[in-house]
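Undergrad: Make a model of this:
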Amino acid sequence: MTMVRTFSARSAAMALFLSLVLFAVAALADVTFTTDRMRLVTADNKSHELTVELAIDADQREQGLMFRRSMAPDHGMLFDFGETRRVMMWMKNTHLALDMLFADKRGVVRTVHENAVPFSEAIIDSRVPVAFVLELNAGTVKRLGIKPGDRLEGARIGGN
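TA: Reported below is the predicted structural model:
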């Protein structure tokens, strides 16, 4: 009799766990992103066209690139915080190594974080107040020679 109850309790616990997992997956599936084109202009006036997914509302910003396994080389995700403030990011549940550009409301890159480690819960701090974060595949900063002072144009930045 005790074994039957233990088995039943374990079964109920497992069913509850699976229900919670399915609920979480379904909630993530409901989050969709629109895309837009934007340009990254480096100090030497080289222009790089990008397609970005826009993370505008709280649910989009919370999900970000979590659970993604790939992203095209000329793509990224632009987080629009709707205000200028110090921003803290992390890589929890993120499979992709990423470069992060922290930009002010005019689109000027203020700080850069290269090669964020997948799945890390370490805080990545903008260190200064910013309005946007652009996440790109790791290595993009080095490949394009991106530095603080470079500019992001379009996709909601500076009234565009």
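
Undergrad: only C-alpha atoms for contact and neighbour calcs from this point on.
TA: OK.

Undergrad: Just checking: what are the partner strands of the host helix or strand of Glu135?
TA: Assessed by DSSP states H and E, Glu135 sits inside strand 124-137. Strand 124-137 sits in its sheet next to strand 75-89 (antiparallel), strand 98-103 (antiparallel), going by DSSP bridges.

Undergrad: Domain ranges for the chain, per the record?
TA: The record's domain parsing of the chain by automatic domain parsing lists 1-30, 33-154.

Undergrad: Out of those, which gets the lowest mean score?
TA: Here the lowest mean pLDDT among the domains of the chain goes to domain 1-30, at a mean of 54.

Undergrad: and the closest residue to Asp125 other than its chain neighbours, what is it in contact with?
TA: In space, Asp125 comes closest to Met88 once its chain neighbours are excluded; the distance is 4.7 Å by C-alpha to C-alpha, 6 or more residues apart in numbering. Neighbouring residues of Met88 by C-alpha atoms under 8 Å, 6 or more residues apart in numbering: 123-126.

Undergrad: Nearest residue to the most centrally placed residue in the chain in space, please, no chain neighbours.
TA: The chain has Gly64 as the residue nearest its centroid, 3.8 Å off, counting by C-alpha atoms, centre = their mean. Spatial nearest neighbour of Gly64, chain neighbours left out: Ala55 (6.7 Å); criterion: C-alpha to C-alpha, 6+ apart.

Undergrad: quick one, phi/psi of the one you found?
TA: As for Ala55, its main-chain torsions (degrees, to the nearest 10) stand at phi -100, psi 100.

Undergrad: cool, Gln60 as well?
TA: Per degrees, to the nearest 10, the backbone of Gln60 is at phi -60, psi -40.

Undergrad: That concludes my questions; thank you for your assistance.
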